[in-house]
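Chemist: Show me the folded form of this:
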Amino acid sequence: LNFGTTELKSAIVHKSVDFQDHMSSDEILVHFKRIACALYDKYIREFAEFEVNISYAKRTEFNELMHNRQQWMALDLVTPEQLSQLFDETCGEMMSLMDTSLQRLNYQPFT
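Modeler: Numbers count the residues shown, from 1 in each chain. Predicted structure coming up:
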């Protein structure tokens, strides 16, 4: 598959943010937690507009983290490193499913 030279970027993730010198690490972490919530709402939450196909266990894990927004934003439920990797497993699952679909699409039965 060739999608051309155009990069597809998420408006949620790549929107312009001006991190200023006076912003604390806590303020920056809150910003990235907001991004995680927006991604959760769009792709992970049950009945989300673009709900992805992930395991029940993984969806439950996200629900437990983010069902209470005030708690998610206020508490140190995740470290910055964990937050940076929060969606990695989900992305891996999606890539695996797409690869499987691509293999089926490319399969040419003997005639």
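
Chemist: Could you use CA atoms for every contact and neighbour count after this?
Modeler: Fine.

Chemist: what about Ala74, distance to Pro80?
Modeler: Computed with C-alpha to C-alpha, to the nearest Å, the distance linking Ala74 and Pro80 is 14 Å.

Chemist: Longest helix in this structure, by number of residues?
Modeler: If you go by DSSP state H, the chain has its longest helix at helix 88-106.

Chemist: avg pLDDT for that one?
Modeler: Per-residue pLDDT over helix 88-106 has a mean of 89.

Chemist: Output it as CSV, restricted to C-alpha atoms.
Modeler: What follows is helix 88-106, C-alpha atoms only, in CSV (Å, rounded to 0.1, in the frame of the first residue of the first chain):
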residue,chain,number,x,y,z
ASP,A,88,1.5,1.7,22.6
GLU,A,89,-0.1,-1.7,23.2
THR,A,90,-3.4,-0.6,21.6
CYS,A,91,-1.5,0.7,18.6
GLY,A,92,0.2,-2.7,18.3
GLU,A,93,-3.1,-4.5,18.5
MET,A,94,-4.5,-2.3,15.7
MET,A,95,-1.4,-2.8,13.5
SER,A,96,-1.7,-6.6,14.0
LEU,A,97,-5.4,-6.6,13.0
MET,A,98,-4.7,-4.4,9.9
ASP,A,99,-1.8,-6.7,8.9
THR,A,100,-4.1,-9.7,9.2
SER,A,101,-6.7,-8.0,7.1
LEU,A,102,-4.0,-7.0,4.5
GLN,A,103,-2.8,-10.6,4.3
ARG,A,104,-6.4,-11.8,3.6
LEU,A,105,-6.8,-9.1,1.0
ASN,A,106,-3.6,-10.0,-0.8
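
Chemist: Ala74 and Pro80: which has the busier surroundings?
Modeler: Set Ala74 next to Pro80 and count neighbours by other C-alpha atoms under 10 Å: Pro80 wins out with 16 against 10.
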